[in-house]
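Chemist: take this sequence and fold it.
(chains A and B)
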Amino acid sequence: MTKQIEINPERCTACRICEFTCSTHNFGEINPSKSRIKVRIISRDFFFYPVLCQQCGKAPCVEVCPKDALYRNETTGAIELCEDDCIGCRLCVKACPFGAMGFSKETRLADKCDLCGGDPECVKHCFYGALEFKEIDKVSEKISMEYIEKIKDAMEEVEI
Amino acid sequence: MTTDNFGWTGKHIRVNLTASTITVCENDQRIMTQYLGARGVGAKYMWDEVDPKTDALEPNNKLIVATGPLTCMPPAGNRTYFVTKSPLTGGIANAGVGGYFGAELKFSGFDFIIFEGRAKSPVYLWINNGKTELRPAGHIWGKGTEDSEEILLAETDPMAHIAAIGPAGENMVRLANVITGGVTGARAAGRGGVGAVMGSKNLKAVVVRGTGGVKIADLKTFNKNISKIWKYWEDPSPSCAQGLGQHGTIGVLSFTNNLGILPTRNFRTGVFEGAHKISGETFAEKYSARGARPSKACFGCPAGCARLSVVNEPGYEGKGEGPEYESVASLGSVTGVDHLPAVIKAGRICNDMGMDTISAGVTVGCAMELYEIGALPEKDIGYPLHFGDHEALIDLVQKMATRDGFGWIMGEGSYRLGERYGHPELSMSVKKQELPNYDPRGVKGQGLAFVTNNRGGDHCRAEVNCSEIYETTMLGYWSPEKDVDAHAIEGKVEMTIHYQDYSAWAYDSLGFCYFLLMDTPEQDVLDLLESATGLKFGGVDGLNRQGERIFTLERLFNLAAGLSAKDDTLPKRFLTEPMPDGPAKGQVFEQDQLLPDYYRMRGWDGNGIPGKTKLDQLGLS
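Modeler: All right, here's what the predicted structure looks like:
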């Protein structure tokens, strides 16, 4: 079972350490604009959300790529980019519904999250668990347990 | 000179507002290594380029907006300093701010900006990576920081970061500050009236967007060093360190009240009977958008100490970042107001108007005492002004910022207000700058820092209370085995000097927030700096000496500006009126015993003037 990065925006403090970690790990410099994860902020609503590739099952970026430069790494589950095949047409940037596909100004090619080869650095330094790396089953298990707790409480109340 | 810049970007901008010219300059590496950045570099340029006798609000004054070599780096490098001559104290001002502005400035490719002169009409500076431009700001002049933020983001770049003044700065209120992030994301470069200097220059805002990178000399070692500091954070001494994440700074209000040092009714006492109504616990329960947990962080910081408040009570409704401890105490206990929604609203008004909450609250407290002793007539204000009147608090804060009626004199600050009504001694200030919220009778080292800090009544430039009350291991004075008696004066001179010199380099000039360094040994900060910049700094002692040089240079600036030993004093209240009740009952501040020792240990003469030997030692002759 492959793991995914689960985003819990209610725990995100917009510290942007993930941006620091991603850009230093992948590019050797502190540069949030190159980071493959970006914390977006709606200041007036106190809403902070780390935007990053969802490694979609039916990925629009993969489907739209005219050169088949994007493919799934079956070991990690990540969608990876073959730089040799990428021509830098940016169709994938437009296709991604989250705005999570990056584009390098230096190589003029697409740039994307590869889950750091299966051990994502950003998750390791997320202090309050806004990012969690876990199997997708665990997510649904947790939600379903929370759901039946609520049902149980409701039923107990009705009985009284 | 582009390949070997680590930590610093290597460049700064000089903006002449009179001539409307912008020049991009290479940094003088000698200045950067000696003065590091932020506060240090600001002090150096002020000393070299500004006549200390210049009127703070005249075009000859300059404003230096500076980051440090570690700004934009975890664990808490996010600070920017606004350094200028203060219209409040007449000495040097350096107001620091966290948030994202400083990091963005570095990503745009610049370490600092020097503003000179005065624009003919309102302008803002737009820095879009390497491109810089002065744009007209007539359409936002008069607007609050929240609206200004929104309009400027719309006409520049939604991802930009902004430092702006509000109406208080435009009206040259001596308590005006600079706000980044508007009201809903507010972080303030709060103290010393730096916003009034921007206003005097017709400079409404600085808007920055940067998509470049900053390089680190030895990334592997740097990451190891960060992890080490993070460990101190995750496993702190029984300090308030993690409490900051859970409750924000407002969480310490109950604590200072329990110690009997929470300034109450213009510092008449240190115990506030209404403390529980304005405490961090009450805030978390009723108004904190995220309850008692880390809410919002500055760039690269795990603490997340900022609070997000939502108030729905009719008449007080609104959203905003904050409130901080200092704001709640100044606008709350100092004015005797225990109605938290009103205190939060007063804080939001201050942020929108661009006015320092500490100075604003303490000035209202001063007015209330003047009224209660009969020195300030009701007809001047328009209504009776008693301690605890929260409607008056909101009214006066608003009028102060807009210089409306009685607000005009209040906008001059508590000292000038007290002077006007014949009681300057009722201004709870040092060097005319209002005191922060630790009654010095109950924390002696912190009190000595208030007396001697170069920017006047201020706690941030020497947080001696980290050893005296907060039980952190900072600088090694407190440990689980060795308590520090906050009421004692023994050892406090040495402690205060150490804190002042350390603060001058480790937080204020590197661009760090001290919250993350409360349990971090000095050596680890040095290691972080050396791995980031690839330079050697002559050990902790060498850096403390650099801190002393920065501190002393500011002292020289103040002396040349006309300040003297007579300005190194707390208000008479703390020296002669024993604390009336609470755990610090009976305490006074023993200034006569502490100050001569302080001068001597600093190598200054009896008049507080640094001697030749000391200046030679520091290379400042």
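Chemist: now the residue nearest the centre of chain A: closest residue in space that isn't a chain neighbour?
Modeler: Geometric centre of chain A, nearest residue: A:Leu52, 3.3 Å, by C-alpha atoms, centre = their mean. Leaving aside its sequence neighbours, A:Leu52 sits nearest to A:Ile37 (C-beta to C-beta, 6 or more residues apart in numbering or on different chains; 4.0 Å). (C-beta placed from N, C-alpha, C; glycine too.)
Chemist: hang on, the residue nearest to the centre of chain A packs against A:Arg36?
Modeler: Yes - using C-beta atoms under 8 Å, A:Leu52 makes contact with A:Arg36 at a distance of 6.3 Å.
Chemist: now do the shared contacts for the two.
Modeler: Residues touching both A:Leu52 and A:Arg36 (C-beta atoms under 8 Å, 6 or more residues apart in numbering or on different chains): A:Ala100, A:Cys113.
Chemist: so who does the residue nearest to B:Leu175 when sequence neighbours are not counted touch?
Modeler: Leaving out its chain neighbours, the residue that sits closest to B:Leu175 by C-beta to C-beta, 6+ apart is B:Ser359, at 4.0 Å. Applying C-beta under 8 Å, 6+ apart to B:Ser359 gives the contacts B:Leu88, B:Leu175, B:Arg191, B:Ser330, B:Gly413, B:Ser414, B:Gln433, B:Glu434.
Chemist: partners of the last one in the sheet?
Modeler: This points to B:Glu434. B:Ser429 (DSSP bridges).
Chemist: roughly how far does it sit from B:Pro384?
Modeler: Separation of B:Glu434 from B:Pro384 (C-beta to C-beta, to the nearest Å): 23 Å.
Chemist: and A:Cys86, helix, strand or coil?
Modeler: Three-state call for A:Cys86 (DSSP: H, G, I helix; E, B strand; the rest coil): coil.
Chemist: quick revisit: filter the contacts of B:Ser359 to the buried ones?
Modeler: Taking 16 or more other C-beta atoms under 10 Å in any protein chain shown as the criterion, what is buried in these is B:Leu88, B:Leu175, B:Arg191, B:Ser330, B:Gly413, B:Ser414, B:Gln433, B:Glu434.
Chemist: now render those residues as CSV, adding pLDDT.
Modeler: As requested, those are exported to CSV (pLDDT from 0 to 100):
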residue, pLDDT
B:Leu88, 98
B:Leu175, 98
B:Arg191, 97
B:Ser330, 98
B:Gly413, 98
B:Ser414, 98
B:Gln433, 98
B:Glu434, 98
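Chemist: in strands only, show me those.
Modeler: Counting by DSSP state E, the buried ones among the contacts of B:Ser359 place B:Gln433, B:Glu434 in strands.
Chemist: closest to A:Phe20 among the contacts of B:Ser359?
Modeler: B:Arg191 (28.8 Å; C-beta to C-beta).
Chemist: ok, and the closest non-adjacent residue to the closest one?
Modeler: B:Ala95 (4.9 Å).
Chemist: count the residues that sit near the one you found.
Modeler: 25 (other C-beta atoms under 10 Å in any protein chain shown).
Chemist: A strand includes it, no?
Modeler: Yes - under three-state DSSP, B:Ala95 falls within a strand.
Chemist: residues of chain B that sit close to chain A?
Modeler: Contact residues, chain B versus chain A (C-beta under 8 Å from any C-beta of the partner chain): B:72-74, B:100, B:103, B:107, B:181-182, B:184-185, B:210-216, B:219, B:223, B:289-290, B:293-302, B:304, B:308, B:319.
Chemist: in strands, which of those fall?
Modeler: B:Leu308, B:Lys319.
Chemist: dihedrals phi and psi, residue 5?
Modeler: In the absence of a named chain, chain A is used. For A:Ile5, the backbone dihedrals (degrees, to the nearest 10) come out as phi -90, psi 120.
Chemist: my question was about chain B, not that one.
Modeler: According to degrees, to the nearest 10, B:Asn5 has phi -90, psi 110.
Chemist: helices along chain A, start to end?
Modeler: Taking DSSP state H to define them, one finds helices in chain A at A:17-27, A:60-64, A:91-95, A:121-124, A:136-159.
Chemist: and for residue 127, nearest residue in space, chain neighbours not counted?
Modeler: Since no chain was named, I'll use chain A. The nearest residue in space to A:Phe127 (C-beta to C-beta, 6+ apart) is B:Pro302, at 4.3 Å.
Chemist: actually it's chain B I care about, not the one you picked
Modeler: That would be B:Val208: by C-beta to C-beta, 6+ apart, it lies 4.6 Å from B:Ile127.
Chemist: assign a three-state SS to that neighbour, would you?
Modeler: B:Val208 - assigned by three-state DSSP - is strand.
Chemist: that one: neighbouring residues, count only.
Modeler: 30.
Chemist: ok, A:Met145 next?
Modeler: Counted with other C-beta under 10 Å, residues neighbouring A:Met145 total 9.
Chemist: what of A:Ile136?
Modeler: So A:Ile136, with other C-beta under 10 Å, has 13 neighbours.
Chemist: one more: B:Lys536?
Modeler: For B:Lys536, using other C-beta under 10 Å, the count is 11.
Chemist: please identify the helix or strand for B:Cys466.
Modeler: helix B:465-468 (DSSP states H and E).
Chemist: next secondary structure after that helix?
Modeler: From helix B:465-468, the next helix or strand downstream (DSSP H and E) is helix B:492-502.
Chemist: next, the buried residues of that next one.
Modeler: Here helix B:492-502 shows B:Lys492, B:Val493, B:Met495, B:Thr496, B:Ile497, B:His498, B:Tyr499, B:Gln500, B:Asp501, B:Tyr502 as buried, counting by 16+ other C-beta under 10 Å.
Chemist: for those, give me CSV that also has pLDDT.
Modeler: What follows is the buried residues of helix B:492-502, written out as CSV (pLDDT from 0 to 100):
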residue, pLDDT
B:Lys492, 98
B:Val493, 98
B:Met495, 98
B:Thr496, 98
B:Ile497, 98
B:His498, 98
B:Tyr499, 98
B:Gln500, 98
B:Asp501, 98
B:Tyr502, 98
